[in-house]
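1. Have a look; sequence and predicted model below, questions after that.
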Amino acid sequence: MQNVPSIKDYKEIVGEKYIDQLEHLSSLSRNKKVIMLNSTKSGGGVAEILFRLVPLLNELGIQCEWKTIEGDNRFFKITKNIHNALQGEKICFKAEDLQYYLEVNRENSKRLNLEADIVVIHDPQPLPILKFYNKEKSKWVWRCHIDMSKPDLSLWKHLKKYLYLYDASIFSISKFSKKLPHPQFLILPSIDPLSDKNKELSSDEIEGVLNSFKITKDKPLILQVSRFDRFKDPVGVIKAYRLVKKEINCQLVLAGGTADDDPEGAEVLEEVMNEADSDPDIHILLLEPKSDLEINALQRSADVVIQKSTKEGFGLVVTEALWKEKPVIGGAVGGITTQIRNYHNGFLVYSIDGAAYRIRYLLNRLHTAKTMGKQAKKFATENFLITRHLRDYLTLFIVLYNQGKNIIKTDEKGG
Amino acid sequence: MKSFRFYDYITIISPTGQKASNLREFLNILEESEDNVIFHHLFQAHLKHQSKDWEYPGDFANWASDSLEDFTLAEKLGNFNPYDFTTIAEAKEVLIEIIEGHMYELPNIPWVRPGFEFYFSYATTIVIPSGIEVKNLIEFRDFLKVINSSSFYYHFCESRKIKKEKNHDDFTIWIEDNFDKTYLVEKIRDIDFYFYSLDENRKKIIKLVNEELE
């Protein structure tokens, strides 16, 4: 387990004034008690972000507690299906399963003391729990981390009745938002620049990782880091690489793992191996679950980073590459369109040909690629770091208690 | 002499849940939109293009260009300056006239690819003292280099809207009131501020102050 950094450790990255601003904002919510509730303390992006955010909020003076709901295999199987259906998969739910989902939430409500000024419920697993509390004195907010752009309609209709009980909702990007009877807020996901996956590495550390994978930097390196999942289109990436290879001698690294709960992973990996056809310049790396340092080193040694997804939530892997001064070529889907702006920090592409052409663009125009890389880091620093995530939460806490106001001033304006 | 206090300007965006996938839908939603939605997409849009990588200053013009690919409309909206109006309602009325007039000339309603719809939103803003206070032009220039972009936007752009005076930003009012620097005030007020990105505006002011201090 990594050490959680202190808020002061971020001064060097975002500047002292930014930290002062966070302290000022938190002083406006001092003595407020906040509870974050999700379904697990380990594994998955939500736990990862709460693991870092909660201590930082406490350090800033917010009494923030992180709690989790409990459930058995049946419950989590149902909520996994709910998760998938909200992301657009067509799933038919049995009435008794939806009832069980509600019952487990009722059981948790008996166990969990959720008395606080603000209660933030993360994702659909604990969504119905509010039904079993008296929320008169608290503000309840549902934080949705998933791609809700096209949820399964019948399930959405069922869940809406729970969501309508809340005071506000948070979505990651506008396209995931819905028409709701309460205020909605946008809080973009973030990366932690001090985590193993994103911290600065020495050239020796980077070289060590490349050596361990038997990769030499004798030719330009194209990289995609992602699970072996059809929506990430690894086969399309190999096809794009082959088009580039006709013009530029380069190598491709496809690095990722397969999740235990993803039976398709092995199948996709096999398709990828077949497509690679033992090309010595294609490196297919099957990474262990905790390979953060390895991913960091690979991203830092890449000349071009690609994320040729055909469906994507936010795509934090794109953010990680932008943070490391890499222009990114990304499929024009999901949150990738929020992160990449053509000619500024990368390119959005729509096809294998498009991906190949943009790889050639960046490999042939090294100076432009370098400039775009610098802009990429600036863009990530301004928009996608954990400090901004903290600021958004602190702002939200204030706004929840000032609803109906467009502008909240804490002092008479000078100037 | 009165010092100048810089304020921090912090926003959180709220989507309305409405989206437009073609120009007709866009116009219909625009007509029903509250002032805070129009304000966000026309004025606060400046915060999104801190560098000069956006073609146009407002969200509507950029969407017309990048997503709708209706470049004639984008050009028309690109020349639309919301600071020319004293109320949001007036700006909205003219905006609607531009779009209606444009649609009248079109044989078909333009639409966007899935994923490139226009999502309407508004923002809630918190304004807090930044802790930076300057007493002379040298300090002013030095801190202008380090304040964050949203603070710069608040004092140099949005302040004009608050005062309903297109040329009266916070900076030049302070300089005018405290120093005998008419030429500097005029040069800063001459900047085509809605056209330029925040970074460009900031650099221009720093350059002008430097010239004045030489």
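-> Great, that's in hand.

2. mind listing what residue A:376 touches?
-> Applying CB atoms under 8 Å, 6 or more residues apart in numbering or on different chains to residue A:376 gives the contacts A:321-323, A:325-328, A:345-346. Heads up, the C-betas are built off the backbone N, CA and C, glycines and all.

3. Using CSV, write out every CA atom in stretch B:110-119.
-> Extracted in CSV, the C-alpha atoms of stretch B:110-119 (Å, rounded to 0.1, in the frame of the first residue of the first chain):
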residue,chain,number,x,y,z
PRO,B,110,-27.6,20.5,-39.9
TRP,B,111,-27.0,17.8,-37.3
VAL,B,112,-24.1,16.3,-35.4
ARG,B,113,-22.5,12.9,-35.1
PRO,B,114,-23.5,11.0,-32.0
GLY,B,115,-21.3,12.1,-29.1
PHE,B,116,-21.0,15.7,-30.4
GLU,B,117,-24.3,17.0,-29.2
PHE,B,118,-24.4,20.4,-27.4
TYR,B,119,-25.0,19.9,-23.7
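
4. Spell out whether it and chain A are in contact.
-> Yes. Applying CB under 8 Å from any CB of the partner chain, one finds stretch B:110-119 touching chain A at B:115-117, B:119.

5. are any of those buried, and which?
-> Among those, the ones that count as buried by 16 or more other CB atoms under 10 Å in any protein chain shown are B:116-117, B:119.

6. Can you pull up the residues of the stretch 1-150 of chain A that come close to chain B?
-> Contacts of the stretch 1-150 of chain A with chain B, taken as CB under 8 Å from any CB, map to A:15, A:17-18, A:20-21, A:24-25, A:28.

7. same question, the stretch 151-300 of chain A
-> Residues of the stretch 151-300 of chain A lying close to chain B by CB under 8 Å from any CB are A:171, A:174-175, A:177-180, A:183-187.

8. what helix or strand is residue A:249 on?
-> Using DSSP states H and E, residue A:249 sits in no helix or strand.

9. ok, it touching residue A:219?
-> Yes. With contact defined as CB atoms under 8 Å, residue A:249 and residue A:219 form a contacting pair (5.2 Å).

10. Just give me the least confident of the residues of the stretch 1-150 of chain A next to chain B.
-> Of all those, residue A:17 carries the smallest pLDDT score, 87.

11. Count the neighbours of it for me.
-> Using other CB atoms under 10 Å in any protein chain shown, residue A:17 has 19 neighbouring residues.

12. how close does it sit to residue B:31?
-> Distance, residue A:17 to residue B:31, by CB to CB, to the nearest Å: 41 Å.

13. Tell me, please, the helix or strand in chain B that averages the lowest pLDDT.
-> Of all helical and strand segments in chain B, the minimum by mean pLDDT, DSSP states H and E falls on helix B:159-163, at a mean of 79.

14. quick one: average pLDDT of the longest helix along chain B?
-> When chain B is parsed with DSSP state H, its longest helix is helix B:88-105. With pLDDT averaged residue by residue, helix B:88-105 scores 96.

15. Quick check on the residue most central in space within chain A: phi, psi?
-> Closest to where the C-alpha atoms of chain A average out (CA atoms, centre = their mean) is residue A:316, at 4.4 Å. Main-chain torsions, residue A:316, degrees, to the nearest 10: phi -60, psi -20.

16. now the one 5 residues further on
-> The phi and psi values for residue A:321, taken as degrees, to the nearest 10, are phi -70, psi -40.

17. the strands in chain B, which residues?
-> Assigned by DSSP state E, chain B shows strands spanning B:4-20, B:118-134.

18. now the last one, how far from the centre of its chain.
-> With CA atoms, centre = their mean, to the nearest Å as the basis, the distance from the averaged C-alpha position of strand B:118-134 to the chain average is 13 Å.

19. The first one now?
-> Relative to the centre of its chain, strand B:4-20 is centred 12 Å away, using CA atoms, centre = their mean.

20. between that strand and strand B:118-134, what angle do the directions make?
-> Inter-element angle recorded for strand B:4-20 and strand B:118-134: 180 degrees (by axes from the mean of the first three to the mean of the last three CA atoms, to 10 degrees).

21. in its sheet, what does strand B:4-20 sit against?
-> Neighbouring strands of strand B:4-20 in its sheet, by DSSP bridges, are strand B:118-134 (antiparallel).

22. Buried residues, the partner strand. List them.
-> By 16+ other CB under 10 Å, the buried positions in strand B:118-134 come out as B:118-130, B:132, B:134.

23. Flag the shaky bits of chain B, pLDDT-wise.
-> B:50-53, B:163-164 (pLDDT under 70).

24. hmm, try it at 90
-> For chain B, residues meeting the criterion pLDDT under 90 lie at B:1, B:48-57, B:66, B:86, B:113-116, B:131, B:148-149, B:160-168, B:214.

25. one step back: of the residues of the stretch 151-300 of chain A next to chain B, buried ones?
-> Buried subset of those (neighbour count, 16+ other CB under 10 Å): A:171, A:174-175, A:177-178, A:180, A:183-187.

26. Which one of the residues of stretch B:110-119 next to chain A is nearest to chain A?
-> For the residues of stretch B:110-119 next to chain A, the residue nearest chain A by CB to the nearest CB is residue B:119; the value is 3.5 Å.

27. hang on, isn't the closest one packed against residue A:175?
-> Yes. Residue B:119 lies in contact with residue A:175 (CB under 8 Å); the separation is 6.2 Å.

28. now the residue located most distally from the centre of chain B: how far from residue B:118?
-> Going by CA atoms, centre = their mean, the residue of chain B most distant from its centre is residue B:107, 32.3 Å out. Computed as CB to CB, the residue B:107 to residue B:118 distance reads 22 Å.

29. residue ranges of the helices in chain B, please?
-> Under DSSP H, chain B gives helices at B:23-32, B:35-42, B:59-66, B:71-78, B:88-105, B:137-144, B:149-153, B:159-163, B:170-178, B:182-189, B:198-213.

30. right, and these - which one's nearest chain A?
-> It's helix B:170-178; of these, that one is closest to chain A (CB to the nearest CB) at 4.2 Å.

31. For residue A:247, which non-adjacent residue is closest in space?
-> residue A:360 (6.0 Å; CB to CB, 6 or more residues apart in numbering or on different chains).

32. State the helix or strand in which that neighbour lies.
-> helix A:352-364.

33. Buried ones in that helix, by neighbour count?
-> For helix A:352-364, the neighbour count (16+ other CB under 10 Å) marks A:352, A:354-363 as buried.

34. swap in stretch A:309-326?
-> Within stretch A:309-326, the residues scored as buried using 16+ other CB under 10 Å are A:309, A:311-326.

35. try stretch A:129-149
-> Quick answer for stretch A:129-149 (16+ other CB under 10 Å): A:129-130, A:133, A:138-149.

36. I'd like to know which of the residues you listed is nearest to chain B.
-> Nearest to chain B among these is residue A:149, at 8.3 Å by CB to the nearest CB.

37. so what's that closest one up against?
-> The neighbours of residue A:149, taking CB under 8 Å, 6+ apart as the test, are A:88, A:175-176, A:334.

38. ok, residue A:199 to chain B distance?
-> To chain B, residue A:199 is 24 Å away according to CB to the nearest CB, to the nearest Å.
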